[in-house]
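Novice: Got a sequence here, can you model it:
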Amino acid sequence: MPSLNTVHECFKFNGEHYGFRDLKTLALHLIKTEEYYKKDIGEFLYQWQDTSNTIALKTSGSTGTPKTIVIKKQAMVNSAIATGIHFNLQPGSTALLCLPAHYIAGKMMLVRALVLGLEMDSIEPKSNLQIDLEKQYHFTAMVPLQLEKNEDKLKAIKTVIVGGAKVSSALNSKLKELKTTIFETYGMTETVSHIAVKQLNNTTKNNSFKTLPNIKITQDDRGCLIVDAPRVSTAVIITNDVVKLLSENEFEWIGRADTIINSGGIKIFPEQVENLLSGKISNRFFIASEEDETLGERVILIIEGEENDLDISLFNTLDSYSKPKKTYYLSNFVETTSGKIQRKKTLQLLKK
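Specialist: Residues are numbered from 1 along each chain as shown. Coordinates of the predicted model:
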């Protein structure tokens, strides 16, 4: 098992070799730069080389109040090793850091490079990425928006893992033509990045998540996923994600238990309706509910932007219960600092 006080001899950052003793110098140099994303990298590297065995991480707050949790550095090492095994990352494999190191996904890209001996380049983590197409990368992590905005640049990357939000069916269909292999990830800050992945293209296998090594999954009485991952979390994690278990290491994600709509006794998962509408509405949107005297709850559609005449034929793929009974427009959605839509806070804007 790799020690926390060592860095793999093959590790490179932006073309330069760094050992464990060099990390502090590199970290201080990055912290002093004016570019915000380099400061985040520097601050994490500084924490990584200090004497503490733990590190404080902030959750995104997309489904609740953001909070700070303390994770063991060894858990991050264990997670990096599991990812390396699954994706066959070898010492000297090239990697691209294009996510902010302020959050777990970006931090874990750095840990993978340090532990596995990857040659990592970093670029500004924005929507339209400045990827050097003269280079070839074995591995990177992105959010769906980056994937969508940089389709033409993905030829420089062999494997991309995507997380932070669900990949829409519209985007998924575009990925089928790419030679780059794309994997959707399932995980959270509490599980130290992903604990399961789903291959989206270049495969004939079924469309389900498969867990990484040493992960046990079960369900509670709500049908929600329970994750037992002793190498990355000392506590068993009970999620709010309703799933269908296919085997002891495979599941299909259905939706969030805390967003289920009960309309006339019919349970509707907003995420499934959104998936059917993806690509048909140009602006950002989400499905929610409001009180209804007859149905108890009725489905509504919230669209970001100016009000316009919506073509109701786009609802033809939905059953009668799932069709939005009313459409609302808001100029701007409420977001987390990482860009995820905060649904509950956004809905509160309708009451003002």
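Novice: What strand or helix carries Cys204?
Specialist: Heads up, residue 204 is Thr, not Cys. No secondary structure element spans Thr204, as it lies outside all helices and strands (assigned by DSSP states H and E).
Novice: What count of nearby residues applies to it?
Specialist: Residue neighbour count, defined by other C-beta atoms under 10 Å, stands at 4 for Thr204. Any C-beta I mention is one placed from the backbone N, CA and C, and that applies to glycine too.
Novice: And for Leu114?
Specialist: By other C-beta under 10 Å, 26 other residues sit near Leu114.
Novice: Give the helix, strand or coil label for the residue nearest to it when sequence neighbours are not counted.
Specialist: Among residues not flanking Leu114 along the chain, Val7 sits closest, at 5.2 Å (C-beta to C-beta, 6 or more residues apart in numbering). Classification of Val7 into helix, strand or coil gives coil, according to DSSP: H, G, I helix; E, B strand; the rest coil.
Novice: Surely Val7 is in contact with Leu23?
Specialist: Yes - the pair Val7 / Leu23 is scored as a contact, 6.8 Å apart, by C-beta atoms under 8 Å.
Novice: Next one: the residue nearest to Leu114 from His138, what distance?
Specialist: With distances defined as C-beta to C-beta, to the nearest Å, the gap from Val7 to His138 amounts to 19 Å.
Novice: Also Gly279?
Specialist: Using C-beta to C-beta, which is the criterion applied here, Gly279 is 30 Å from His138.
Novice: what do you get for Ile260?
Specialist: Counting by C-beta to C-beta, the separation of Ile260 from His138 is 40 Å.
Novice: for Leu349, same thing?
Specialist: From Leu349 over to His138 (counting by C-beta to C-beta), the distance is 43 Å.
Novice: got it, and Lys107?
Specialist: According to C-beta to C-beta, Lys107 and His138 sit 19 Å apart.
Novice: So the two - more neighbours on which side?
Specialist: More neighbours sit around Lys107 than around the other of Lys107 and His138, counting by other C-beta under 10 Å; the figures are 26 against 18.
Novice: Look at that one and report its pLDDT.
Specialist: Per-residue confidence for Lys107 comes out at a pLDDT of 95.
Novice: mind checking the SS state of it?
Specialist: Remark: Lys107 carries the secondary structure label helix [criterion: three-state DSSP].
Novice: isn't it right up against Leu57?
Specialist: Yes - in terms of C-beta under 8 Å, Lys107 counts as a neighbour of Leu57; the distance is 7.4 Å.
Novice: And the longest strand belonging to the chain, what's buried?
Specialist: Counting residues, the longest strand in the chain under DSSP state E turns out to be strand 237-247. Buried residues in strand 237-247, defined by neighbour count with 16 or more other C-beta atoms under 10 Å: 239, 241-243.
Novice: after it comes which helix or strand?
Specialist: Once the chain leaves strand 237-247, the next helix or strand it forms, by DSSP H and E, is strand 250-256.
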